[in-house]
Structures are given as structure tokens and as C-alpha cells.
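K.L.:
Task: produce atomic coordinates for the following.
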Amino acid sequence: ATLLIHEATMDNVQVEMVRAKMHSAFGQAIDIGKSMNARNILLTHFLARYPKMPPSISEHQAGDPVVAFAFDHANIKIGDMWKMGAYARAIE
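P.N.:
As a prediction, the model looks like this:
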């Protein structure tokens, strides 16, 4: 797959709450993208009360999909997803 757009409402620490509310944690969304061989993963639907992004997202390993965050008024071309890694630390 070229792109997975997936909601990632909460961080990985709150897995039980995520499950109870039928949402996904950041790690779960990324794991789904990896399992389907997505080259790019765009995470959406963050809760405002959990404003901190997990630092593990910005730690890109060779062969990992590009992970980016969707935000209001963002305009991202699939071919430019790789550039989003440069913005990950600033968004965290």
C-alpha cells in the first residue's frame, strides 16, 4: 500500500482506555501500517487533552514507513510525505 490514513487518538500508555473507547493508540496505528506494508502513514484524530506526540514516531529506522501527522489546513502530496519527518520534532 502507498498510504494508510489512520486515527491515533491517544498515546501508547493508555492502551486500555483506547480499547474501551474503540480508538487506536499511535503504536497500534503504526503497527497496522507496517503489517500492510504501507510506505506512508498519516495519523489523524488526536485528542486536544493529549497534546504531546510520542517521541518514538520521530525515530525513523531504515525500511520503516514514513509517519506524518495530519493537522488543520495541511496540504500534503503523497510524494512529499518523506519531508514530514523534518517537521516531526517541531510538532511534538
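K.L.:
Tell me, how many residues neighbour residue 10?
P.N.:
Residues lying near residue 10 (other CB atoms under 10 Å) number 22. Heads up, the C-betas are built off the backbone N, CA and C, glycines and all.
K.L.:
Residue 15 too?
P.N.:
14.
K.L.:
before we move on, what SS does it have?
P.N.:
Put simply, residue 15 is helix when judged by DSSP: H, G, I helix; E, B strand; the rest coil.
K.L.:
If you count contacts, what does the top helix by length along the chain end up packed against?
P.N.:
For the chain, the longest helix by residue count, based on DSSP state H, is helix 26-35. Here helix 26-35 touches strand 3-7, strand 40-44, going by 3 or more CB pairs under 8 Å, 6 or more residues apart in numbering; DSSP states H and E.
K.L.:
the bottom helix or strand of the chain by mean pLDDT?
P.N.:
helix 85-91 (a mean of 69; mean pLDDT, DSSP states H and E).
K.L.:
Would you reformat the helices and strands packed on helix 26-35 as JSON lines and include mean neighbour count?
P.N.:
Listed next are the helices and strands packed on helix 26-35 as JSON lines, based on neighbours: other CB atoms under 10 Å:
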{"stretch": "strand 3-7", "mean neighbour count": "17"}
{"stretch": "strand 40-44", "mean neighbour count": "21"}
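K.L.:
Including distance to residue 62 and mean pLDDT, could those go into JSON lines?
P.N.:
Putting those into JSON lines (distance: least, CB to CB, whole Å; pLDDT from 0 to 100) gives the following:
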{"stretch": "strand 3-7", "distance to residue 62": "19", "mean pLDDT": "90"}
{"stretch": "strand 40-44", "distance to residue 62": "15", "mean pLDDT": "89"}
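K.L.:
So which of the ones you listed is nearest residue 28?
P.N.:
strand 3-7 (8.6 Å; CB to CB).
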